[in-house]
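# Task: produce atomic coordinates for the following.
(one chain, ligands or ions: 1)
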Amino acid sequence: MRYLSANYIFPLHINPIKEGVVQISEKGEIVNIFESRTKAPKQKLEIFEGVLCPGFVNVHCHLELSHLKGLLLQKTGLVDFISKVPEKRNLEIDDIKRAIIDADSTMQKNGIVAVGDISNTNHSFFIKEESKIVYHTFVELFSVNKDKAEIVFNKGMDLLNNCPNPRSITPHATYSVSEKLFSLLKEKNNGEIVCIHNQETKSEDELFRNGSGELYEFIKQFGDLNQTGISALQTSLLQMSKQSKIILVHNTFTSKKDVKWTKENNYDTYWCTCPKANLYIENSLPDYSIFDTDTLCVGTDSLASNNSLSILEELKVLKENSDFDLNTLLKIACKNGAEALGFENLGTFEKGKIPGLNLINNLDSVSVIA
Ligand SMILES: [Zn+2]
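Numbers count the residues shown, from 1 in each chain. Alright, predicted model coming up:
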């Protein structure tokens, strides 16, 4: 048994405790929480400078793009970014795998215990079998050509069947999936979690509302998207199953109205922000005041659009651009992410969980304690 204490502990299912103690078993299971150091055996007490919180959950990453670190220009906008990724993607498989191994071990060192990871290929599957991190893989499909919908869907199902669990199949973004492909994905869904890139650029809403704009001009060379007269968010949700939990990623240009609409229409959504990637690609951030802090979670996105895979680095940007206190920031980084991805054993210091244990000092550094 270990008895761990710090200036504050942040259990996240209850309020922070000044000089509280977390008792854990050898395998890291939470056995008990003490409100005071006097309740724990004195000779076994380990006291740290800083705060203790559960392991971080990175809700959105693309491990298979790790070899693209530093290769794509910053702040050039989403259309430029997505048009450059395919040409840069190809590299020797050994180099791709090496970058994936590095990315996985960096995340472990940064106190990340679980990841929601996007796969368009099988390149990252090997690490998901052996890593200490638990991964939920989203096999992600895109094609705006309706004649190719069945082929793309069937290929995706083959990939899904070879993918380590937990896993699910999911659309890439509202602007990159035809109505036909959306409907095949909906038909297949039996309540599994899905995720979708949402309103990452301003021209996404313009495409669906007016049938115009930079993204519209780019997409129309690959197929047709119907002008719906409503926002991109409403366009995609109306084509998805209400039975499943939906993780909306980015939401940089989401409006208060859209958030309200989602609630009123009873969608079970989590809002995943990737602040550093938003600054990297579009140099914009969401208005954090519009989201419910019980369903806001955070991701790093890939090394193609970020120079680090660190939840702490993302929290620093969040702190600077919101009025969230430390408890809220840590809830976003741990508890909400674990709920979004369905990892019931993670995210808080509730008895019986094995959530990992991070020590944070002034939001400057993180070390893994258990
Ligand atoms: Zn992404």
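# tell me how far whichever strand or helix holds Glu87 is from the chain's mean position?
Assessed by DSSP states H and E, Glu87 sits inside helix 78-89. How far helix 78-89 lies from its chain's middle: 20 Å, per Cα atoms, centre = their mean, to the nearest Å.
# what's the next secondary structure element after it?
helix 93-109.
# Identify each buried residue in that next one, please.
Ile96, Lys97, Ala99, Ile100, Ile101, Ala103, Asp104, Met107 (16 or more other Cβ atoms under 10 Å). C-betas here are computed from N, CA, C, even on glycine.
# repeat for stretch 60-74
For stretch 60-74, using 16+ other Cβ under 10 Å, the buried residues are His60, Cys61, His62, Leu63, Glu64, Leu65, Ser66, His67, Leu68, Lys69, Leu72.
# now that stretch, how far from the centre of its chain.
With Cα atoms, centre = their mean, you get 15 Å for stretch 60-74.
# model confidence over the helix holding Glu87, on average?
The predicted model gives helix 78-89 an average pLDDT of 79.
# what's next to it, contact-wise?
65, 68, 71-73, 200-201, 203, 214-215, 218, 281-282, 304-305 (Cβ atoms under 8 Å, 6 or more residues apart in numbering).
# with the residues you listed in mind, which one is nearest to Leu341?
Leu65 (19.5 Å; Cβ to Cβ).
# quick one, what contacts the closest one?
Contact partners of Leu65, counting by Cβ under 8 Å, 6+ apart, are Val85, Arg89, Ser302, Leu303, Ala304.
# which parts of the longest strand seen in the chain are buried?
The longest strand of the chain (DSSP state E) is strand 45-54. Neighbour-count burial for strand 45-54 flags Phe48, Gly50, Val51, Leu52, Cys53, Pro54 (criterion: 16+ other Cβ under 10 Å).
# And for Leu318, the neighbour number?
23 (other Cβ atoms under 10 Å).
# Quick check: phi and psi on it?
Main-chain torsions, Leu318, degrees, to the nearest 10: phi -60, psi -40.
# My read is that it contacts Tyr288, right?
Yes. Contact criterion Cβ atoms under 8 Å: Leu318 and Tyr288 qualify, at 7.0 Å.
# residues shared between the contacts of the two?
With Cβ under 8 Å, 6+ apart, Leu318 and Tyr288 have common neighbours Thr273, Phe324.
# Can you tell me the strand partners of the longest strand of the chain and which way each runs?
strand 2-9 (parallel), strand 357-361 (antiparallel) (DSSP bridges).
# Please render the buried residues of stretch 60-74 as TSV that adds pLDDT and secondary structure to the earlier fields.
Formatted as TSV, the buried residues of stretch 60-74 follow (pLDDT from 0 to 100; DSSP: H, G, I helix; E, B strand; the rest coil):
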residue	pLDDT	secondary structure
His60	98	strand
Cys61	98	strand
His62	97	coil
Leu63	97	helix
Glu64	95	helix
Leu65	94	helix
Ser66	95	helix
His67	92	helix
Leu68	90	helix
Lys69	90	coil
Leu72	83	coil
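# Farthest-apart pair in these, please.
The widest separation within the buried residues of stretch 60-74 (Cβ to Cβ) is 18.3 Å, between His60 and His67.
# could you dump the buried residues of helix 93-109 to a markdown table with pLDDT?
What follows is these, written out as a markdown table (pLDDT from 0 to 100):
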| residue | pLDDT |
| --- | --- |
| Ile96 | 93 |
| Lys97 | 96 |
| Ala99 | 96 |
| Ile100 | 97 |
| Ile101 | 98 |
| Ala103 | 98 |
| Asp104 | 98 |
| Met107 | 98 |
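# List of residues touching the longest strand of the chain?
Counting by Cβ under 8 Å, 6+ apart, residues outside strand 45-54 touching it are 2-12, 16, 21-22, 37, 113, 326, 330, 333-335, 338, 346-349, 353, 355-362, 369.
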